[in-house]
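**Q** All I have is the shape, not the residue letters:
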């Protein structure tokens, strides 16, 4: 490793001010700091620092996403062979899934990081680590049938419009990965809904609709039809929990997502307040619908089942908790999370146009997070002003 | 006695090198220095020139805007140098000490018999006034104010901090006399805040004419700012004063013996010290003789006057800070670390559980001054809240300072905090933001705008 360090030290002046490649300084630094934690020491303030940095933080989140990714790879292959009615070996299933998913991940990272590097270079900034997570999140919320060029365009849109126009990592108001998905959803609707896209190369006769799409048909169904839709497509709760259902690549398995949630909460990176209150909010709205029972959707889907259907769990654990676009205050986080869960179930049940309402609910609350924080901060200010009167 | 106030938010950073309660001997320092940079916001005016002869207690310089506040020489001898920095800013006034100390004579008196003005005058003249600091702003107290209360923290919860019990041992009389002087200065109460679990010294527990409050819990439980917040928070317009126990001893000695005697025990601590222990020395002493035989000689080191969170870096032959009763020596750590951010990190300390060192919660660490990362924009949230036991929103406050929004700073609690109270926020910050510097800038701005 000493040789590598020597090599870097030798090349470094070329990339610094006045050097031959001074214009590429950001890129050089990005690689250098990836290989070596820099030798900078503190000169003012605390002399010692917590060992954590943004690279570590982001890599923990990526680590938390790995179970969902691995399961997504398996499920892609599993759904494919299931739709064809073939039985396949475990390895074949995994290899098939890998062949389908790896290109999407590569495209997401190459396009996203390319733009990030370019922007950092242009602005003379350092390359931030934020995209390490976004780059993994984007593939996981794409349908497996998504054409690669659409993934590329969505990613580019997300990085440029979702993030860089606001000033880059730490400045964005919406979760960049969700911006990518929202762009995809509105730009190429045929690739994000219906029953074709969720299973890779499925047999035509096989229904490839997601449970949410089935559930949405319950709204107009009555009597026996409703019951049969439910028993045929929505009663296998165990499969939904495990994740052996059609859906976006990484969001089907509640178990895999929960493993990620445990990693995030235990490491102190993800906010348990947000996660918990999203689930509480979703359950609350579901329970209200159960009470109202105006149509078969409200009646037949028990409140807790909303939490394992579609992107609800994935959104709660990985999307809503994005520290930049979420509410920043402790109390704000609870309100913010609750409203996400509440709205997600509300939209998904009442608006057949958006069965996958989690994305919209989170983007909406991203928009309102600063407002929530504003009121929490005002609350703190009022409480502290009151103190004066008590004393006086 | 009052109930125990438990501080739950915070963080104890366990480091190698806690001082044993043994008083070691070192050669007496030859040179001493008073550093105007130890006093934030001060504009010093010199009273002495190089080569002047001074006694212990002779004024060296004074505050340009409050000329009654003197800063005096800790020893007798000759002024050998006045070191200046950029724009002729005075950095150090250095005194070569006599072998036998000569003292300026001050009036011996029992402070209980004196009036407030007499006590004040004696403290101002002798230079002890500089030890009284005020909140808000964490600067030297304004003699024209009548503070709402005076707060004394009788313990320090910072990493490797000196044990105050040990520092005041055997000086109960001087301590009580100092307290009596303090009670003259306020119409309100004098609060002596002790650690319910640790403080045992009768000097503290049997102190008279003061209110004794009990605290327990993790750092920053020993920070007087946190204690004030829990007992009697500062509102706009309030002024409270704070002072530390060793400095009360100086006041006691002044009234008892009529001399400016600022000899103090200090703790020599840190992982790069062979035998961490206590030393007898005098305020402003050069640390060279104390460090001489005590440094491990392998790595590059950093000497800090004070603790690792709030102290000041000094050279190996530098001088003890005005308010410090501790020297800490840690490794410098200016080295590259191959893939450091990705390693399991058993030897790294983090509040988050992203390094496997969380498996060994009681381990003591040898931490260096490396930043462990690069400066970034604010990304993580809620980190600061975990280590600030106040009803203050630290991240919002820091942001309001960064955009210089005076109203917002005021509303969010700039009056209640000193940089040291947010030192842990700076320690845990993922984005490596210089929180204490920002707080100090905010305070400076408030002083400029509000007066």
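**A** That came in fine, so what should we check first? Bear in mind that the values here come from a model prediction, so they are computed numbers and not experimental data.

**Q** backbone phi and psi for residue A:70, please?
**A** phi -60, psi -40 (degrees, to the nearest 10).

**Q** Chain B versus the closest residue to it other than its chain neighbours, what's the distance?
**A** Among residues not flanking residue A:70 along the chain, residue A:256 sits closest, at 7.3 Å (CB to CB, 6 or more residues apart in numbering or on different chains). Yep, even glycine has a C-beta here, placed from its N, CA and C like the rest. Residue A:256 sits 20 Å away from chain B, taking CB to the nearest CB, to the nearest Å as the criterion.

**Q** Can you pull the phi and psi angles for residue B:267?
**A** phi -100, psi 130.

**Q** And residue B:90, by the same measure?
**A** According to degrees, to the nearest 10, residue B:90 has phi -80, psi 120.

**Q** if I read this right, it contacts residue B:48, doesn't it?
**A** No - distance between residue B:90 and residue B:48: 11.6 Å, which falls outside the contact criterion (CB atoms under 8 Å).

**Q** Overlap of the contact sets of those two?
**A** residue B:61 (CB atoms under 8 Å, 6 or more residues apart in numbering or on different chains).

**Q** Next, see if stretch A:23-41 gets close to chain B.
**A** Yes - judged by CB under 8 Å from any CB of the partner chain, stretch A:23-41 comes into contact with chain B through A:33, A:35, A:36, A:37, A:38, A:39, A:40, A:41.

**Q** Report the buried residues of that stretch.
**A** By neighbour count on 16 or more other CB atoms under 10 Å in any protein chain shown, the buried set for stretch A:23-41 is A:25-30, A:32-33, A:36-38, A:40-41.

**Q** Tell me the one of these nearest residue A:273?
**A** For the buried residues of stretch A:23-41, the residue nearest residue A:273 by CB to CB is residue A:37; the value is 30.6 Å.

**Q** Not counting residues beside it along the chain, what's closest to the closest one?
**A** residue B:340 (3.4 Å).

**Q** Could you identify the most distant pair in the residues of stretch A:23-41 next to chain B?
**A** A:35 and A:41 (19.0 Å).

**Q** Run through the residues that contact whichever residue of the stretch 1-150 of chain A sits closest to chain B.
**A** Going by CB to the nearest CB, chain B is nearest to residue A:53 of the stretch 1-150 of chain A, at 2.5 Å. Each residue near residue A:53 by CB under 8 Å, 6+ apart is listed here: A:37, B:341, B:372, B:373, B:374, B:376, B:430, B:432.

**Q** what's the burial count for the third one?
**A** Meaning residue B:372. Residue B:372 has 30 neighbouring residues, counting by other CB atoms under 10 Å in any protein chain shown.

**Q** How about stretch B:233-253 and chain A, any contact?
**A** Yes - Stretch B:233-253 reaches chain A (CB under 8 Å from any CB) through B:233, B:235, B:236.

**Q** Now flag whichever of these is closest to residue B:43.
**A** residue B:236 (25.7 Å).

**Q** For the chain, which residues score under the pLDDT cut-off?
**A** Just going to use chain A. By pLDDT under 70, the low-scoring segments of chain A are A:1, A:194, A:389-392.

**Q** Sorry, I should have been clearer: chain B.
**A** For chain B, the stretches with pLDDT under 70 are B:1-2, B:298.

**Q** State which helix of it is the longest.
**A** helix B:435-450 (DSSP state H).

**Q** and the stretch 151-300 of chain B, which residues reach chain A?
**A** Counting by CB under 8 Å from any CB, the residues of the stretch 151-300 of chain B that sit close to chain A are B:159, B:233, B:235, B:236.

**Q** Redo those as a markdown table? Include distance to residue A:351.
**A** Output for these, formatted as a markdown table (distance: CB to CB, whole Å):
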| residue | distance to residue A:351 |
| --- | --- |
| B:159 | 55 |
| B:233 | 49 |
| B:235 | 50 |
| B:236 | 49 |
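
**Q** Helices along chain B, start to end?
**A** Under the criterion DSSP H, chain B contains helices at B:116-126, B:164-167, B:172-185, B:202-205, B:224-231, B:245-257, B:288-292, B:394-402, B:406-412, B:423-428, B:435-450.

**Q** same question, the stretch 201-350 of chain A
**A** A:211-217, A:223-229, A:237-242, A:254-267, A:272-292, A:296-300, A:312-314, A:330-350 (DSSP state H, counting those that start in this stretch).

**Q** contact partners of the shortest one?
**A** Applying CB under 8 Å, 6+ apart, the contact partners of helix A:312-314 are A:68, A:140-141, A:248, A:250-251, A:254, A:257-258, A:282, A:306-307, A:341, A:344-345, A:358.

**Q** how far does that helix sit from the chain's center?
**A** Offset of helix A:312-314 from its chain centre (CA atoms, centre = their mean, to the nearest Å): 9 Å.

**Q** mind listing what's buried in it?
**A** For helix A:312-314, by 16+ other CB under 10 Å, it's A:312, A:313, A:314.

**Q** how about residue A:357, what does it touch?
**A** A:343, A:344, A:345, A:346, A:347, A:348, A:351.

**Q** The same query, at a cut-off of 7 Å, please.
**A** Contacts for residue A:357 (CB atoms under 7 Å, 6 or more residues apart in numbering or on different chains) come out as A:344, A:347, A:348.

**Q** is it true that residue B:44 touches residue B:36?
**A** Yes - Residue B:44 is within contact range of residue B:36, at 4.2 Å (criterion: CB atoms under 7 Å).

**Q** anything in contact with each of the two?
**A** Common neighbours of residue B:44 and residue B:36 (CB under 7 Å, 6+ apart) are B:61, B:90.

**Q** Got phi/psi on the single nearest residue of chain B relative to chain A?
**A** Chain B approaches chain A most closely through residue B:373 (2.5 Å), counting by CB to the nearest CB. Reported as degrees, to the nearest 10, the phi and psi values for residue B:373 are phi 150, psi -170.

**Q** I figured it was touching residue B:431, is that so?
**A** No - checked against CB under 7 Å, the pair residue B:373 and residue B:431 is beyond contact range at 8.4 Å.

**Q** So for these two, which residue has more residues nearby?
**A** With neighbours defined as other CB under 10 Å, residue B:373 and residue B:431 compare such that residue B:373 has more, 26 against 18.

**Q** Isn't residue A:263 up against residue A:65?
**A** No - using CB under 7 Å, residue A:263 is not in contact with residue A:65; the gap is 9.2 Å.

**Q** which of those two has more neighbours?
**A** Legend: neighbour count by other CB under 10 Å for residue A:263 and residue A:65, higher for residue A:65 (25 against 21).

**Q** In the stretch 101-250 of chain A, which residue sits nearest chain B?
**A** Closest point on the stretch 101-250 of chain A to chain B, by CB to the nearest CB, is residue A:170, at 3.0 Å.

**Q** could you list every residue that touches that residue?
**A** Going by CB under 7 Å, 6+ apart, the list of residues near residue A:170 reads A:324, B:376, B:377, B:378, B:379.

**Q** Distance of it relative to residue B:267?
**A** Relative to residue B:267, residue A:170 is positioned 40 Å away (CB to CB, to the nearest Å).

**Q** Could you do residue B:250 as well?
**A** 18 Å.

**Q** Looking at the two, which is more packed in?
**A** Between residue B:250 and residue B:267, residue B:267 has the larger neighbour count (other CB under 10 Å), namely 28 against 23.
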